[in-house]
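# Sequence and predicted model, in that order:
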Amino acid sequence: MQAMHHRRTHCQLCNSSALTPILSLEPTPPANAFVTEAQRNIEQPCFPLDVFQCEHCHHVQLLDVLDPAVLFENYVYVSGTSPAFVKHFEEYAAIVCSRFNPSVGSLIVDIGSNDGTLLNFFKSRNYRVLGIDPAQVIAANATAAGIETLPAFFTPKLASEIVSTRGQAAIVSANNVFAHAEDLYSIAVGIADLLKPDGVFTFEVSYLVDVFQDVLFDTIYHEHMAYHAVGPLQRFFKRADLELFSVARVSSHGGSLRGYVQKAGGPHTFDGTVDKLINIERQLGLDQPATLRKFGNRIDLLRDQFKTVLQDLKKSGKSVAGYGAPAKATTLLHHFGIKPGTLDYIIDDSPLKQGLYSPGQHIPVVSSEILLRNTPDILLILAWNFAEIIMTNNAAFVKKGGKFLVPMPAVRLYP
């Protein structure tokens, strides 16, 4: 267990040792550490989920680091099983191509490319594409499906190898992964080397403003080491001779930040959006530990509301199952104190998760076919950011008298 885990002592972005604790959630296993039938009776180790803020650059982060090989090499999340994310990435590729107009045949590299969903949309536009992802099986499957994917972690050394064999990239992307690594500075240096002089690094991360305003505490788990805001990121990219020249808020994962970065002195125009969001962050007081500590009180209130509703349902004899087994569910189930046996099962649309058991509580994960033969009274939507889609796709469940319980960002029972 000790080899799996260590605690950092310095800020991830500026290397300061002045770090202030702001929030402690219930310890959990790794959020995607699903287990097999043979492993379900073995207790999994849990690790701290303590959140800190740097007093120097105000970056919000975890200090407890789990071995990335444990977290990612046997990953079970794939983007392509979510129609919402397929559509999101299709629109994302269209925006990037329209805005920056890379010449046909240019190289586009996606860091943390998963099953190649995003790159597939670039490939269809006649760009050369390359994925990089340490999840061995997912990378192999993506390559077999026509999106060449290197089964590796991105490093400056790998960036240099790509440049020497394939040339520099017009676009480098990293979506929902730029918060996943301990050494973000080395990744930024590698990206700077990989980019063409007029190239663009584009990324999406969970945005601290949305996490704070909507109490999205369940986005806090060990894979997500960073909870990004624009102010700290702007200063960080300057350290790596890069410039954050444009940002936008997008709706994915309950609220995310999309950023566009170029080499220092690059040709792309600063459009004012960076300063605009920095001002919003300051107005909210997100550079002050006292503001963020109040966040914990709001989480406690949400937990108490949820547990009251769930306990009342169980006391009245209602059977409850979960829908969706995203990483965020591990944090939610543990911090809300949902014990094994409370949920009969969890439905998930990913074949990679079906037949496994959830991290920590070891609740069986099954396909939606179970609703035909073992229908619960209540479906707790753990993948709450897809609540509307899940409810629409399961109208037959409602016709049978079923109800949906949505835990985030506010507790709601439908219909």
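Cool, got the structure. Residues are numbered from 1 along each chain as shown.
# nearest spatial neighbour of I280, skipping sequence neighbours?
V209 (6.4 Å; Cβ to Cβ, 6 or more residues apart in numbering). The C-beta positions use only the backbone N, C-alpha and C, and glycine is treated the same way.
# Other residues contacting the host helix or strand of the one you found?
Assigned by DSSP states H and E, V209 falls within helix 208-213. Contacts with helix 208-213, where a contact means Cβ atoms under 8 Å, 6 or more residues apart in numbering, come from 60, 216-217, 219-220, 227-229, 249, 254-256, 277, 280-281, 284, 286, 291-292, 295.
# and E37, how many neighbours?
Residues contacting E37 under the criterion other Cβ atoms under 10 Å number 11.
# actually I280, not the one I typed
I280 - counted by other Cβ under 10 Å - has 14 other residues nearby.
# Show me the contacts of helix 208-213 that map onto strands.
In this view, the contacts of helix 208-213 that belong to strands under DSSP state E are 60, 227, 249, 256.
# Share the number of residues neighbouring K87, please.
10.
# what does the helix or strand where it lies rub up against?
Using DSSP H and E, K87 sits in helix 83-100. With contact meaning Cβ under 8 Å, 6+ apart, helix 83-100 is reached by 79-80, 117-118, 121-122, 125, 170-171, 173, 175, 200, 202, 204, 252, 268, 386, 389.
# Quick check on the residues you listed: which are buried?
79-80, 117-118, 121-122, 170-171, 173, 175, 200, 202, 204, 252, 268, 386 (16 or more other Cβ atoms under 10 Å).
# Can you find the helix or strand of this protein with the lowest average pLDDT?
helix 68-72 (a mean of 72; mean pLDDT, DSSP states H and E).
# So which residues make contact with it?
By Cβ under 8 Å, 6+ apart, helix 68-72 touches 4, 30, 32-33, 134-135, 153, 180-182, 222-223.
# Flag every buried residue along stretch 302-320.
Quick answer for stretch 302-320 (16+ other Cβ under 10 Å): 302-303, 306, 309-310, 313, 320.
# just stretch 186-196 next, same as before
Here stretch 186-196 shows 186-192, 194-196 as buried, counting by 16+ other Cβ under 10 Å.
# So for it, mean pLDDT?
The average pLDDT within stretch 186-196 is 97.
# Stretch 387-402 now?
94.
# Other residues contacting it?
Contacts to stretch 387-402, defined as Cβ under 8 Å, 6+ apart, come from residues 83-84, 323-324, 368, 371, 375-379, 381, 383, 404, 406, 414-415.
# ok, now with 10 Å
Residues from elsewhere that reach stretch 387-402 (Cβ atoms under 10 Å, 6 or more residues apart in numbering): 82-84, 318-319, 321, 323-324, 347, 349, 368, 371-372, 375-379, 381-384, 386, 403-408, 412, 414-415.
# coming back round to it: mind checking which of the contacts of helix 68-72 are in helices?
Among the contacts of helix 68-72, no residue falls in helices (DSSP state H).
# and those as TSV, adding distance to P21 and neighbour count?
Converted to TSV, the contacts of helix 68-72 look like this (distance: Cβ to Cβ, whole Å; neighbours: other Cβ atoms under 10 Å):
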residue	distance to P21	neighbour count
M4	22	14
P30	22	24
N32	25	23
A33	25	22
P134	30	19
A135	32	25
F153	29	19
H180	22	21
A181	22	23
E182	19	18
H222	17	26
E223	20	20
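# ok, so of those, who is nearest I162?
Using Cβ to Cβ, F153 comes nearest to I162 of the contacts of helix 68-72, at 13.3 Å.
# Touching, the closest one and D67? I think so.
No. Applying Cβ atoms under 10 Å, one finds F153 not in contact with D67, separated by 11.6 Å.
# which residues of the chain score low on pLDDT?
For the chain, the stretches flagged by pLDDT under 70 are 1-3, 72-77, 80-81.
# what's the domain layout of it?
1-306, 307-414 (automatic domain parsing).
# secondary structure element for L302?
Assigned by DSSP H and E, L302 belongs to helix 289-315.
# Sheet-wise, list the partners of the helix or strand immediately after that helix in the chain with their directions.
As assigned by DSSP H and E, the chain's next helix or strand after helix 289-315 is strand 320-323. In the sheet, strand 320-323 lines up against strand 346-347 (parallel), strand 378-381 (parallel) (DSSP bridges).
# I191: which element?
I191 belongs to helix 184-194, assigned by DSSP H and E.
# ok, now how distant is the nearest residue to K328 once chain neighbours are set aside from S206?
Using Cβ to Cβ, 6+ apart and skipping residues adjacent in sequence, the residue nearest K328 is D218, 4.0 Å away. As for D218, its distance to S206 is 11 Å (criterion: Cβ to Cβ, to the nearest Å).
# Look at these two and report which has more neighbours.
A direct count of neighbours by other Cβ under 10 Å for D218 and S206 places D218 higher, at 28 against 22.
# pretty sure the more buried one is touching L332, no?
Yes. Using Cβ under 10 Å, D218 is in contact with L332, at 4.2 Å.
# Quick check: neighbours shared by those two?
Here D218 and L332 have 25, 326, 382, 384, 407-408 as joint contacts, going by Cβ under 10 Å, 6+ apart.
# Can you give the contact residues for stretch 292-303?
So stretch 292-303 is contacted by 20-26, 51-53, 58, 60, 208, 211-218, 220, 227, 284-286, 288, 332, 335-337, 407-411 (Cβ under 10 Å, 6+ apart).
# 6 Å instead, please
Residues outside stretch 292-303 that contact it (Cβ atoms under 6 Å, 6 or more residues apart in numbering) are 22-23, 212, 215, 217, 336.
# farthest pair in those residues?
Farthest pair in those, by Cβ to Cβ: I22 and F336, 19.9 Å.
# Could you verify that A170 is part of a helix?
No. Under DSSP: H, G, I helix; E, B strand; the rest coil, A170 sits outside any helix and is assigned strand.
# Distance check, it against L244.
From A170 to L244 the distance is 18 Å (Cβ to Cβ).
# Likewise for T143?
The value you get for T143 to L244, if Cβ to Cβ is used, is 32 Å.
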